[in-house]
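Participant: Okay, predicted coordinates and the sequence, questions at the end:
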Amino acid sequence: MRPIVCQGHTRPLTRVRYNRDGDLMFSAGKDAKFNVWSSATGELIGSYDGHTGVVWDIDVDANTTRTMSGSADSSARLWDARSGKCLYTWTTASPVRSVAFTPEADLALIVTDKKMGQPCTAIIVEIKDNVADIPEAPLNIFLPEPELTPATIARWGPEHTIYMGHENGTVSCWDAMSGERIASKKIHSGVVTDLQFSEDGTYFITSSKDMSAKILDLKLHVIKNFQTERPVNSACICPVKEHVILGGGQDASQVTTTTAKVGKFESRFYHKILQQEFGRVRGHFGPINTVAVHPDGTSFTSGGEEGLIRLHHFDPDYFRFKLDPRDP
Amino acid sequence: MTTGDSAPQLPLPSVHANKNGTYTHTLYKLDDQGRKVQVKRILRIGRDMEVSKRAIEERKKWAKFGAAKHHGPGPDTETTRVDTELPLRLSTNPQQLDAMEPAAEEASRKLKDTAIKCRYCGGPHWSKECPSKDIIQSLQEATGLGGPGGDDAPSGTPGLGAGPSGSGRYVPPSLRDGTGAPRPGMEMGRRMDDTYAVRIANLPEDTTDADLIELARPFGHVVRSYLAKYDDGTCKGFAFVNFATMDMAERAIAKLHGYGYANLILTCEHSKPREPKPM
């Protein structure tokens, strides 16, 4: 396997994502940049320029016509995917932590941080084909934080539900239309760092600083647990093989005190069912902040604290490997 | 904005994967009169590969924009590079995963797999291509350990010979047989050529090779001279001169040790063998 290294960010990566067809890979970093790459060649196709603060989260709609980004400059932006033009800007009272399109891209979710004296809020906005029709007033605003701590990540579940991960390790489920909390449960003992749904949306994986990643069903039952010995910053579920990929490593603040070998800055492969680790990929020399897998399962991308994106296309070895004889 | 306690408890939504590839979404809502309503939707989730293929083709025509606006077609070398080959280490045994050092593991596996074995060093290449062939060959000749395909090395791997304890660790031929003492003949023939080396130190830094030869020639035939230099050509301050006979070397030392050369006092002595490195 020869990874492709993409050098488009000068500061740590915050998020990498593929579009639904998997031909494009999007990346966001703390240097306020939001780039799009070809997932096959690692070629830089363009950048969505305009943010002036850390871009915390990005999303792409299902048809790859529009992209969305949320930034610490207290704004969320809607972009034209093809030209990089900013179509619409939502200004918020505090930094934006998470953004997400619904599968139909008729609604979007913006979650703001509890900062600058403002509470953590979830804002549901409408998105129209014609940008001029986008109403200025959001469809719904609710505070997902009575006794829960601020949300760090939020994703759409089925039927206008929202699943959120919180700073104290709680995972919660909300009704986007009424703003009511449907359920919440303490899953992790540390900050929930990532939440990614399976391809069919029937379960999701959460990762946490408590050094574990967990697969939960929509009723917030923990189905699988993947235990490591380093904080997990990101986790994703492979669509074709029964695998999950975990990215992490020791805390960025402690990196300079140890060598890269001790830091365990590896992408780690676990068997989804057996919960056993079976593979590792090295290469990053800082903690891995974000991982994403191609929707066809042919490649995966990791973004590190050192500002590099590594795009890995799997070898035939990987597809032949069977931890269990029943594996596909 | 309501907390869960005051809201009527609604069951969580669920998604059920049906056998025909569709998904049934079930969720519960309260209608206008506060009654609990169950909503069911059957969805087909997935991608139409034809549509997807067409969309990908279409996107290949995208013009570069933003930071990549001035990049030519194809990956730009400034933003994209291909890294060195890195293995995805796969193992059914988690403990093994911890122990695996990728490079060493790879090398040792290759070594094991290969059917080719060098007669000199046991490495996975043809004997004639062995990088250390000359050294091993001359050592074998000097020590009389037997040449290529020697009689005392049935497997033909003298270079990889196991140590006295059979630990598999490399033991140089001079230290074999468990005694640790050098073999006879090795003391004299430390250097393969039988010349006599003299070390001259405290040379001025502008000394050249020609100066060195000029300095040493009066004492006899100089077989070889070596002046240690930095990258920029200035002298490091010491040199080695090999004379043809012991007599010449002795004369050079007698004369040059303590000799004033360009306002420096030279030291001159028999070149000593390097201290053996700790194993």
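Facilitator: That came through, no problem. Numbering: from 1, shown residues only, chains lettered A, B, ... in the order given.
Participant: contacting residues for the residue in the stretch 51-200 of chain B that chain A sits nearest to?
Facilitator: Nearest residue of the stretch 51-200 of chain B to chain A (Cβ to the nearest Cβ) works out as B:Gly66 at 3.3 Å. All C-beta spots, glycine's among them, are computed from the backbone N, C-alpha and C. B:Gly66 sits next to A:35, A:46-49, A:84 when contact means Cβ atoms under 8 Å, 6 or more residues apart in numbering or on different chains.
Participant: can you tell me which of these are up against chain B?
Facilitator: Filtering these for neighbours of chain B using Cβ under 8 Å from any Cβ of the partner chain leaves A:35, A:46-49, A:84.
Participant: about what we covered before: once you drop chain neighbours, what's closest to the residue of the stretch 51-200 of chain B closest to chain A?
Facilitator: A:Ser47 (3.3 Å; Cβ to Cβ, 6 or more residues apart in numbering or on different chains).
Participant: Can you spell out which residues form a bridge with the one you found?
Facilitator: Beta bridges link A:Ser47 to A:Asn35 when assigned by DSSP bridges.
Participant: So which residues of the chain form helices?
Facilitator: Picking chain A for this. With DSSP state H as the criterion, chain A has helices at A:260-263, A:316-320.
Participant: Please refer instead to chain B.
Facilitator: Under DSSP H, chain B gives helices at B:49-60, B:94-99, B:102-113, B:133-143, B:209-216, B:246-256.
Participant: Which of the ones you listed comes out lowest on mean pLDDT?
Facilitator: In terms of average pLDDT, helix B:102-113 trails the rest of the helices of chain B, at a mean of 55.
Participant: so the residue nearest to B:Gly66 makes contact with B:Ala68?
Facilitator: Yes. Look at A:Ser47 against B:Ala68 with Cβ atoms under 8 Å: they come within range, at 6.7 Å.
Participant: ok so, going back, around the residue nearest to B:Gly66, count how many other residues there are.
Facilitator: A:Ser47: 19 surrounding residues under other Cβ atoms under 10 Å in any protein chain shown.
Participant: Let me see the contact set for it.
Facilitator: Contacts for A:Ser47 (Cβ under 8 Å, 6+ apart) come out as A:8, A:33-36, A:84, B:65-68.
Participant: one more time with 6 Å, if that's ok
Facilitator: A:35, B:66-67 (Cβ atoms under 6 Å, 6 or more residues apart in numbering or on different chains).
Participant: Lowest average confidence across the helices of chain A, which one?
Facilitator: Looking at these, the bottom one is helix A:260-263 with a mean of 56.
Participant: any low-confidence regions in the chain?
Facilitator: This is for chain A. A:145-146, A:252-263 (pLDDT under 70).
Participant: oops, chain B please
Facilitator: B:1-9, B:45-46, B:98-115, B:144-168, B:176-194, B:275-279.
Participant: Domain map for it?
Facilitator: Per automatic domain parsing, the structural domains of chain B span B:14-59, B:97-177+B:193-270.
Participant: Reformat these as JSON lines; add distance to chain A.
Facilitator: Output for the domains of chain B, formatted as JSON lines (distance: least, Cβ to the nearest Cβ, whole Å):
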{"stretch": "domain B:14-59", "distance to chain A": "4"}
{"stretch": "domain B:97-177+B:193-270", "distance to chain A": "6"}
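Participant: Nearest to A:Gly22, out of those domains?
Facilitator: Across the domains of chain B, A:Gly22 has its closest neighbour in domain B:14-59 (8.3 Å, Cβ to Cβ).
Participant: For A:Pro231, find the nearest of the helices of chain B.
Facilitator: For A:Pro231, the closest of the helices of chain B is helix B:94-99, at 18.3 Å, according to Cβ to Cβ.
Participant: Of all residues in chain A, which one is closest to chain B?
Facilitator: For chain A, Cβ to the nearest Cβ, closest residue to chain B: A:Ser47, 3.3 Å.
Participant: Next, count neighbours for B:Thr208.
Facilitator: Neighbours of B:Thr208 using other Cβ under 10 Å come to 12.
Participant: residues in contact with it?
Facilitator: Counting by Cβ under 6 Å, 6+ apart, B:Thr208 has no contacts.
Participant: so how far is B:Ile135 from it?
Facilitator: 31 Å (Cβ to Cβ, to the nearest Å).
Participant: cool, A:Ala72 as well?
Facilitator: 62 Å.
Participant: Get me the contact residues on the stretch 151-300 of chain A for chain B.
Facilitator: A:158-159, A:161, A:179-183, A:200, A:202, A:218-219, A:277-281, A:283 (Cβ under 6 Å from any Cβ of the partner chain).
Participant: What's the PyMOL line that selects buried ones from these?
Facilitator: To isolate the buried ones among those in PyMOL, judged by 16 or more other Cβ atoms under 10 Å in any protein chain shown, type:
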select buried, chain A and resi 158+159+161+179+180+181+182+183+202+218+277+278+279+280+281+283
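Participant: Could you tell me which of the residues of the stretch 151-300 of chain A next to chain B belong to strands?
Facilitator: Secondary structure from DSSP state E places A:161, A:181-183, A:277-281 of these in strands.
Participant: Now the closest residue to A:Ser74 other than its chain neighbours: phi and psi?
Facilitator: Excluding the flanking residues, the one nearest A:Ser74 by Cβ to Cβ, 6+ apart is A:Thr92, at 5.1 Å. Dihedral pair for A:Thr92: phi -120, psi 170, per degrees, to the nearest 10.
Participant: I figured A:Thr92 hits A:Thr112, correct?
Facilitator: Yes. Assessed by Cβ atoms under 6 Å, A:Thr92 is found in contact with A:Thr112 at 4.8 Å.
Participant: More neighbours: which of those two?
Facilitator: A:Thr112 (25 against 20).
Participant: Enumerate the beta-bridge partners assigned to the more buried one.
Facilitator: A:Val96.
Participant: Go ahead and confirm it touches A:Ser94.
Facilitator: Yes. Counting by Cβ under 6 Å, A:Ser94 is a contact partner of A:Thr112 at 4.7 Å.
Participant: So A:Cys173 is in contact with A:Gly165, correct?
Facilitator: No. Counting by Cβ under 6 Å, A:Cys173 stays clear of A:Gly165, with 11.1 Å between them.
Participant: Please identify which of those two sits among more neighbours.
Facilitator: A:Gly165 (26 against 21).
Participant: residues near B:Gln140, how many?
Facilitator: By other Cβ under 10 Å, neighbour count at B:Gln140 equals 19.
Participant: ok, now how distant is it from B:Ser225?
Facilitator: 29 Å.
Participant: Which residue ranges of the stretch 201-328 of chain A form strands?
Facilitator: Per DSSP state E, counting those that start in this stretch, the stretch 201-328 of chain A carries strands over the ranges A:203-208, A:212-217, A:222-227, A:232-237, A:243-248, A:267-271, A:277-281, A:288-293, A:299-304, A:309-313.
Participant: Let me know which of the ones you listed is the nearest to A:Arg2.
Facilitator: When the strands of the stretch 201-328 of chain A are compared (using Cβ to Cβ), the closest one is strand A:309-313, at 8.0 Å.
Participant: Given the closest one, what are its sheet partners and their directions?
Facilitator: Strand A:309-313 is paired, per DSSP bridges, with strand A:4-6 (antiparallel), strand A:299-304 (antiparallel).
Participant: For those, please prepare TSV with the additional fields mean neighbour count.
Facilitator: Listed next are the strands paired with strand A:309-313 as TSV, based on neighbours: other Cβ atoms under 10 Å in any protein chain shown:
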stretch	mean neighbour count
strand A:4-6	22
strand A:299-304	27
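Participant: do you know which of those lies nearest B:Leu12?
Facilitator: strand A:299-304 (30.6 Å).
Participant: could you dump the closest one to PDB, C-alpha only?
Facilitator: Taking C-alpha atoms only, strand A:299-304 is exported to PDB below (Å, rounded to 0.1, in the frame of the first residue of the first chain):
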ATOM      1  CA  SER A 299      -9.900   3.300   0.400                       C
ATOM      2  CA  PHE A 300      -9.700   5.300   3.600                       C
ATOM      3  CA  THR A 301      -8.500   8.700   4.600                       C
ATOM      4  CA  SER A 302      -7.000   9.900   7.800                       C
ATOM      5  CA  GLY A 303      -6.200  13.500   8.800                       C
ATOM      6  CA  GLY A 304      -3.600  14.200  11.500                       C
END
